[in-house]
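1. Predicted coordinates and the sequence they were generated for:
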Amino acid sequence: MIKRLFQRPGSLLWIVFLWKIALLAFTSQPVPSNDGFFYDGPVVNFLLHGKYANPSIALALPVSGREVFCAYPPLYQVLLLGWMSIFGTSVMAPMALHLVLFGIYLFILHKAFRLLDLPLWADYVASTFVLVITFQDRPDSLAHVLAMAAVYCWIKSRKSVPRNSSSWLWGMAVFEILSLCTGLQIGALYFMLLWIGVVAAKLFVNDRFPAGPMTALILIPAALVALVILGFPHLWTGFLEHARQTPALTGFRIPKVGEILKALRTVPGIFAIGIAVLWSGKKREIFSDANKQDLWLVALILTTASLVMAFASMFLLTANAVQFSAYLQPLAVGAYLAAMAESVSARSKSQTLMRVFIALAALGAIRAIGMTTWGVVCASDVSRTAALKRVRQEINEIHQNQSAVFSGAYLHEAAPHTDFSWIHSDWLAPARRGQVNSDRQALIKVKPVKLLLTQFDYYRRYQAVLEQLKTSSDVVTLEIIDTTRLPPPDAIKPLQKVVQHISWAPIIVNMTWKQ
């Protein structure tokens, strides 16, 4: 039975999905990062208190925190509202939603593999690259599902009879517009990809240019932006309030070693394809074989778009932007391997190619391996249930009109309360580039009685700040309680950027401020 299972296309994708289900069910991983509650908070607050705003970020973003959440396009929140109306506002509700969205992404990916008629070995090797995708707690999950549906429609239009069916091309446009309405950065990546693909198909394989759908791709998003600016200026003000504090465009910079390593670890398959194509002596012959035109077109267009994003994340955009390309990587790798199948027909060459890409996938899967090993041990030390129980105990000690700071993973427990101020640990004050000691100054200004932090947030951001405050005994006294018995990777400096954020165990900081 197992042998028959591995002889079916897509089997490895669904094995990965079962692994994700088991990881969520038994260890509650991936632990939500702080960005999760930033986007989930307004829906949680609406369902609990009737106002579509996120009070936890009000100190930094007063419009989105106190009036109406408009820091990001709203389509993800619409879906989340329906989901949480059924399954409640606990932290597990959005985690389950993101798992479902990941399953839909895998289904679209599988359908694209079948559409391109990938050989079984290429299907399996490409499937290993989905292990690179381990962060799912933002609107990005929905944006990628919609955008990958747009890519599927584009590929399907080229496979349809008649070729370049207008219905599939209009489907491509609709899904891409919906992706832009979910996440601007991800929508922009796929917008670039689709335009490159359509233009390349026109230039290299003489496809018809779909003027209607491509015009709609430009005009409809532009009209929606104009509608918000002119018709709802207050919402636009709130959007800019967030965009100015966390700009995706950082300006030109020389990448740090860590940023280069992040890119290489996140999209190793993309870099490998890029290097292989550049070194190939047959670049002019790529589109000469009609049977491989679709494979090469998909492989090269997805690789080009991914490389643009990867290099932009090192030189112009925030370093984390490279993660957007991880969703394109499996399809790009699969199409490339299938296109190369006849060129490496010799058994030794094909095995070498497989080993190279499997090794690259293993490199990208470092965090997935850490979640399955060290993360399981961390969960057995302090489970999500035990961690949140301790968080609730600490919340009960907070008095009326006091304030406390929470990591995003714990804010779902604080959200039902209206008797004290619950503050997001990343948004104590407006973000200002180049400001020194901003967290220390914000803590002194806000004077929270407690910090309830994940291991990741404590070691990433707050450890150094609290060490500084310890020297100010005339201002505050601190009691730091680490609830874990087993140090997670976040506590070990050489591993902090390799395997991170796999522990639910809170670090509790009790703060006594002196008048």
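-> Nice, I can see it. What you are looking at is a predicted structure, and each value in this text was computed from that prediction instead of being measured.
2. Not counting residues beside it along the chain, what's closest to Q77?
-> Nearest non-adjacent residue to Q77, counting by CB to CB, 6 or more residues apart in numbering: V43, 5.3 Å away. All C-beta atoms are positioned from the backbone trio N, CA, C, and that covers glycine.
3. got a list of contacts for the helix or strand that neighbour falls within?
-> Secondary structure assignment for V43, by DSSP states H and E: helix 34-49. Contacts with helix 34-49, where a contact means CB atoms under 8 Å, 6 or more residues apart in numbering, come from 51-57, 64, 69, 71-72, 76-77, 80-81, 84-85, 89, 94, 137-139, 407-409, 411-412, 415-416, 418, 424-427, 457.
4. Could you rerun that using 6 Å?
-> 51-54, 56, 69, 77, 80-81, 84, 89, 94, 137-139, 408, 411, 415-416, 426 (CB atoms under 6 Å, 6 or more residues apart in numbering).
5. Point out the ones among those that are inside helices.
-> Those of the contacts of helix 34-49 mapping onto helices are Q77, L80, L81, M84, P94, L411, per DSSP state H.
6. what's the pLDDT at the first one?
-> At Q77, the predicted lDDT confidence score is 97.
7. got it, and the fourth one?
-> Among the per-residue scores, M84 shows a pLDDT of 98.
8. What sits closest to it if chain neighbours are left out?
-> A93 (5.3 Å).
9. what pLDDT does that neighbour get?
-> 97.
10. What of S345?
-> 58.
11. again, but for V436
-> Predicted confidence (pLDDT) for V436: 54.
12. so what does the helix or strand harbouring L13 touch, helix or strand wise?
-> For L13, the host element (DSSP H and E) is helix 11-27. Applying 3 or more CB pairs under 6 Å, 6 or more residues apart in numbering; DSSP states H and E, we find helix 11-27 packed against helix 92-115, helix 120-127, helix 374-381.
13. want to try a markdown table for those helices, with mean neighbour count and distance to I398 as columns?
-> A markdown table is the format used below for the helices and strands packed on helix 11-27 (neighbours: other CB atoms under 10 Å; distance: least, CB to CB, whole Å):
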| stretch | mean neighbour count | distance to I398 |
| --- | --- | --- |
| helix 92-115 | 19 | 23 |
| helix 120-127 | 22 | 47 |
| helix 374-381 | 19 | 26 |
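14. hmm, back to that, tell me which residues in the helix holding V43 are buried?
-> 34-47 (16 or more other CB atoms under 10 Å).
15. Ok, stretch 466-481 next?
-> Under 16+ other CB under 10 Å, the buried positions of stretch 466-481 are L466, L469, V476, I480.
16. Output that stretch as PDB - backbone C-alpha positions only.
-> Taking C-alpha atoms only, stretch 466-481 is exported to PDB below (Å, rounded to 0.1, in the frame of the first residue of the first chain):
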ATOM      1  CA  LEU A 466      15.400  45.000  30.500                       C
ATOM      2  CA  GLU A 467      19.100  44.800  31.200                       C
ATOM      3  CA  GLN A 468      19.300  48.500  30.800                       C
ATOM      4  CA  LEU A 469      16.300  49.100  33.000                       C
ATOM      5  CA  LYS A 470      17.900  46.900  35.700                       C
ATOM      6  CA  THR A 471      20.600  49.500  36.200                       C
ATOM      7  CA  SER A 472      17.800  52.200  36.800                       C
ATOM      8  CA  SER A 473      16.800  50.900  40.200                       C
ATOM      9  CA  ASP A 474      15.500  54.400  41.100                       C
ATOM     10  CA  VAL A 475      13.000  54.100  38.300                       C
ATOM     11  CA  VAL A 476      11.800  50.400  38.400                       C
ATOM     12  CA  THR A 477      12.500  47.100  39.900                       C
ATOM     13  CA  LEU A 478      12.100  43.900  37.800                       C
ATOM     14  CA  GLU A 479      11.300  40.300  38.500                       C
ATOM     15  CA  ILE A 480      11.900  38.100  35.500                       C
ATOM     16  CA  ILE A 481      10.300  34.600  35.500                       C
END
